[in-house]
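# have a look at this prediction, sequence included:
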Amino acid sequence: MSSLPELERVRHITLTSGMKLIVMSDMHRGDGSGADDFAKNSLIYRCALEHYLEEGFTYIELGDAEELWENDNFDQIYITHTPVYELLAKFHDPDPAKTRYLKVWGNHDLYWKDNEAVYRTLFPDIAIHEGIVLESGNREDNDEMGRVILLIHGHQADPKCCGEGAVVSKFFVHYFWPDLQRCGVKDPTRAALNPGLCNEVDRRLHEWASRNDQGIAAIIAGHTHRAVFENLSLTERRYLESKIKTEGIKIKHQPDGSYYNTGSCVHPLSITGLEITFDGGTGPQLRLIEWGQATEGHALTIQREEIS
């Protein structure tokens, strides 16, 4: 199994007063076929990005943006989802100090680790990172103002997606999975579709954050497709908030601010992400957001909802 990246090798961002970030992951943009999980949510995703563009947010894409296990190359993905890339271009600036588009690679788009030049034909001088560190205040203070938050895709904690496990999983997904997917078969290699593996990945990421290695106070990840806020899944959080006591039901985790997960952009007719705002007076404020379809009268609309 892999481990956390060395902080010296990732992009560092110092949070300044008024800064606003939106973190999303796991779009799995594909070729527009029946195996393209993102296609059904493309409109919701674009509406969300247009909102964040107008509101001055910096957009962080936290891995598995492109489905490059199923697809041989990026060309057909770009052709299928050209409106998405045209919108992303509005966030981008070749100057690293001015850009509002930051990109991290995951296991399904690990291709970008060694092939940034291909992506730079669309986004000049963009760097694609293994991780991003958000720093606020003085790290020596060891308080909310000095928190270090590490953003990684999260496959580093998944044995099926690291080392030899990744080779086997990629082979299965590339050669067999698209046809099976069109028939409704679920992919057993994805943590998102394997609750036991999903729980284990979440547990490892939380453990890494709790150890406070390299001064890390919290980890934000994706990969599992299951949204987590303060170490609780939405199901666990809603159960606790209901104050219902059911004999035999145990919450596996306790709430704390060391682990968050963005969820994904391939939920059924909805996408999730984490908004991060910083006013300079307190530590970073995090909100778990869901964008989805809603009906108002006879009109179908796209709406934003704060869910944690």
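Arrived safely, thanks for sending.

# please count neighbours and contacts with C-alpha atoms only from this point.
Noted.

# what about stretch 261-276, start to end distance?
End-to-end distance for stretch 261-276: 13 Å, by Cα to Cα, to the nearest Å.

# what are the contacting residues of that stretch?
Stretch 261-276 has contacts (Cα atoms under 8 Å, 6 or more residues apart in numbering) with 20-28, 37-38, 40-41, 44-45, 220-229, 284-293.

# who does the helix or strand encompassing I219 pair up with?
Assigned by DSSP states H and E, I219 belongs to strand 218-221. Sheet neighbours of strand 218-221, with direction, are listed as strand 148-152 (parallel), strand 259-261 (parallel) (DSSP bridges).

# now render the ones you listed as a markdown table, adding distance to R237.
Formatted as a markdown table, the strands paired with strand 218-221 follow (distance: least, Cα to Cα, whole Å):
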| stretch | distance to R237 |
| --- | --- |
| strand 148-152 | 22 |
| strand 259-261 | 13 |
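
# and these, which is most packed in?
strand 259-261 (a mean of 28; mean count of other Cα atoms under 10 Å).

# next structured bit after it?
strand 270-278.

# so how far is that next one from its chain's centroid?
Put simply, strand 270-278 sits 10 Å off its chain's centre (Cα atoms, centre = their mean, to the nearest Å).

# now it: mean pLDDT?
For strand 270-278, mean pLDDT is 97.

# same check, this time on stretch 109-128
Mean pLDDT, stretch 109-128: 95.

# and that stretch, which residues are buried?
The neighbour-count check on stretch 109-128 (16 or more other Cα atoms under 10 Å) flags D109, L110, Y111, W112, E116, F123, P124, D125, I126, A127, I128 as buried.

# from the residues you listed, which land in helices?
E116 (DSSP state H).

# please narrow the buried residues of stretch 109-128 to those residing in strands.
I128 (DSSP state E).

# ok, P255 - contacts?
When contacts are counted by Cα under 8 Å, 6+ apart, P255 touches E230, N231, L232.

# so what's the last one bridging to?
Legend: beta-bridge partners of L232 under DSSP bridges are F229.

# what's the neighbour count on it?
Neighbourhood size, L232 [other Cα atoms under 10 Å]: 23.

# ok, F91 to E200 distance?
To E200, F91 is 35 Å away according to Cα to Cα.

# neighbour count: those two, which is higher?
Neighbour totals were compared for F91 and E200, and F91 leads with 21 against 15 (other Cα under 10 Å).

# residues near P96, how many?
Other residues near P96 number 13, with proximity taken as other Cα under 10 Å.

# tell me who's in contact with it.
Taking Cα under 8 Å, 6+ apart as the contact definition, P96 lies against I126.

# so what's it scoring on pLDDT?
Looking at P96, its pLDDT stands at 94.

# quick one: secondary structure of it?
The three-state label given to P96 by DSSP: H, G, I helix; E, B strand; the rest coil is coil.

# ok, now I289?
strand.

# ok, it to L15 distance?
Distance from I289 to L15, counting by Cα to Cα: 20 Å.

# next helix or strand past the helix or strand hosting Y78?
Assigned by DSSP H and E, Y78 belongs to helix 75-80. Once the chain leaves helix 75-80, the next helix or strand it forms, by DSSP H and E, is helix 82-89.

# just checking, what packs against that following helix?
Judged by 3 or more Cα pairs under 8 Å, 6 or more residues apart in numbering; DSSP states H and E, the packing partners of helix 82-89 are helix 42-54.

# show me which residues of the helix it packs on are buried.
S42, L43, I44, Y45, R46, C47, A48, L49, Y52, L53.

# show me which of these is closest to Q156.
Q156 has its nearest neighbour among the buried residues of helix 42-54 in Y45, at 26.0 Å by Cα to Cα.

# correct me, but F229 touches S258?
No. With contact defined as Cα atoms under 8 Å, F229 does not reach S258; the gap is 9.2 Å.

# among these two, which residue is more densely surrounded?
A count of neighbours by other Cα under 10 Å puts F229 above the other of F229 and S258, at 25 against 22.
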